[in-house]
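no sequence on this one, just coordinates:
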């Protein structure tokens with residue numbers, strides 16, 4: 001076997017390898033290029049893989065909440081940029097409970113509503129509860145009564161005489177003579193406002209025809225004492241917080257509408273046909289406005305002195321009477337003249 005020597009090392013090859021025919025250069029490359037050209041063009045069928053994991057879901061929810069909060073902040077910022085007069089008109093068109101909800105949105109709105117509470121409540125009452133406002137006036141703070149009349153109003157002889165009007169009803173808490181005026185007009189105003197809360201409290205029982213718990217005479221119950229204490233706190237706040245007073249009127253309107261609809265429903269089940277009080281229409285039942293109460297209807301002369309009276313109570317709207325001549329309701333206490341007369345009478349008879 002022949003041996004071929006190289007410069008770096010000795011390599012051994014066979015004679016066959018020496019005489020193997022060589023291919024022309026570039027022939028393999030041409031074939032490969034031709035084969036590539038003959039193939040069909042590639043189509044990209046790759047798609048984005050959907051990312052799904054609990055961590056990613058949490059991040060997406062967090063991002064969505066941030067977007068909602070950002071949109072709310074931008075909306076609130078645009079509301080607060082409104083002129084004060086326009087914003088007051090918007091708030092004055094809402095129902096009282098809605099205004100209280102708006103107060104909780106942020107500090108700026110809360111401060112604005114607190115600062116203009118009287119104006120907002122006045123607009124709401126004049127638009128929605130003008131009738132109820134005249135039927136349920138507020139008692140007067142003793143601090144707003146002429147100081148010269150304080151001695152007469154708090155005179156023990158007079159307080160003993162007024163015990164009949166301040167009698168402890170089981171559903172009406174006693175008025176605080178150190179905070180509020182105790183003239184006859186203010187005592188009646190206190191009792192009527194407390195009745196709004198107690199009557200509203202038992203509407204669920206009346207709607208479901210469940211008996212109202214009764215308490216024997218000259219007895220007390222812890223749950224009833226707590227309920228009356230709660231109601232007294234609300235009325236005390238309503239005397240100075242005008243929106244709270246507006247909410248009371250809203251509650252009583254809801255009670256009136258609910259009572260009228262309940263009686264119609266019960267009459268329908270019995271197969272009888274009963275006309276709605278005050279000719280209340282379906283639209284008037286849901287509009288949140290008391291204008292339909294200006295129509296002719298039954299008067300409210302007798303105070304519900306016991307919860308047992310709630311079953312037969314239709315609509316309670318005191319301090320007014322129907323004039324057949326004028327064909328409209330006449331209100332007693334709207335201008336507050338009766339309060340001034342009662343205080344004057346107390347000063348005249350109990351100043352010494």
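Good, I have the coordinates. Please read these numbers as outputs of a predicted model, since none were measured by experiment. Numbering: from 1, shown residues only.

For residue 116, list the residues it contacts.
84, 88, 91 (C-beta atoms under 8 Å, 6 or more residues apart in numbering). To be clear about C-beta, it is placed using only N, CA and C from the backbone, and glycine gets the same treatment.

I misspoke; the intended subject was residue 113.
So residue 113 contacts 91, 99, 102-103, 120, 243 (C-beta under 8 Å, 6+ apart).

so it is in which element?
Using DSSP states H and E, residue 113 sits in helix 107-115.

pretty sure residue 277 contacts residue 314?
Yes: at 6.1 Å, residue 277 counts as touching residue 314 under the criterion of C-beta atoms under 8 Å.

Show me whatever sits in contact with both of those two.
What both residue 277 and residue 314 touch, as defined by C-beta under 8 Å, 6+ apart, is the set 260, 263, 298.

Any chance of a PyMOL selection covering the buried ones in these?
To isolate in PyMOL the members of the shared contacts of residue 277 and residue 314 that are buried, counting by 16 or more other C-beta atoms under 10 Å, one can use:
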select buried, resi 260
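
And the pLDDT at residue 333?
Looking at residue 333, its pLDDT is 69.

How about residue 32?
Value for residue 32, per-residue pLDDT: 54.

one step back: mind checking which of the contacts of residue 113 land in helices?
91, 99, 102-103, 120, 243 (DSSP state H).

Any of the contacts of residue 116 buried? List them.
Buried subset of these (neighbour count, 16+ other C-beta under 10 Å): 88, 91.

What is the nearest of the contacts of residue 116 to residue 59?
The shortest approach to residue 59 among those belongs to residue 91, at 38.3 Å (C-beta to C-beta).

which ones are touching that closest one?
99, 102, 113, 116, 120, 123.

And for residue 190?
So residue 190 contacts 139, 175, 180, 235 (C-beta under 8 Å, 6+ apart).

Narrow the residues you listed to those in helices?
Using DSSP H, the contacts of residue 190 in helices are residue 235.

So which of the contacts of residue 190 is the closest to residue 43?
Each of the contacts of residue 190 was scored against residue 43 by C-beta to C-beta, and residue 235 proved nearest at 80.1 Å.

And the nearest residue to that closest one once chain neighbours are set aside, how far from residue 300?
Distance criterion C-beta to C-beta, 6 or more residues apart in numbering; nearest residue to residue 235, sequence neighbours excluded, is residue 193 at 5.0 Å. In this view, residue 193 and residue 300 are 14 Å apart by C-beta to C-beta, to the nearest Å.

where does this protein dip in pLDDT?
Along the chain, segments meeting pLDDT under 70 span 1-39, 72-78, 164-168, 270-271, 273, 333-336.

the strands in it, which residues?
With DSSP state E as the criterion, the chain has strands at 4-5, 10-11, 320-323, 328-331.

thinking again about what came up before, which one of the ones in helices among the contacts of residue 113 is nearest residue 283?
Using C-beta to C-beta, the ones in helices among the contacts of residue 113 come closest to residue 283 at residue 99, 23.3 Å.

so who does the closest one touch?
Counting by C-beta under 8 Å, 6+ apart, residue 99 has contacts 91, 113, 120, 124, 243.

Of all residues in the chain, which one is nearest the centre?
For the chain, residue 97 is the residue whose C-alpha lies nearest the centre (C-alpha atoms, centre = their mean; 3.7 Å).

Tell me how far the residue nearest to it when sequence neighbours are not counted lies from residue 95.
Spatial nearest neighbour of residue 97, chain neighbours left out: residue 247 (6.1 Å); criterion: C-beta to C-beta, 6+ apart. Using C-beta to C-beta, one obtains 9 Å as the distance from residue 247 to residue 95.

Pick out whichever of these two has more residues nearby.
Neighbour count, other C-beta atoms under 10 Å: between residue 247 and residue 95, residue 247 has more, with 21 against 17.

Quick check: the gap between that one and residue 118.
For residue 247, the distance to residue 118 - C-beta to C-beta - is 15 Å.

ok, the residue nearest to residue 97 touching residue 100?
Yes: with contact defined as C-beta under 8 Å, residue 247 reaches residue 100; the gap is 7.1 Å.

coming back round to it: nearest to residue 147, of the contacts of residue 99?
The nearest one, if we look at the contacts of residue 99 relative to residue 147 and count by C-beta to C-beta, is residue 243, at 29.0 Å.

buried stuff in stretch 137-155?
Buried-residue list, stretch 137-155, by 16+ other C-beta under 10 Å: 137-140, 142, 145, 149, 152-153, 155.
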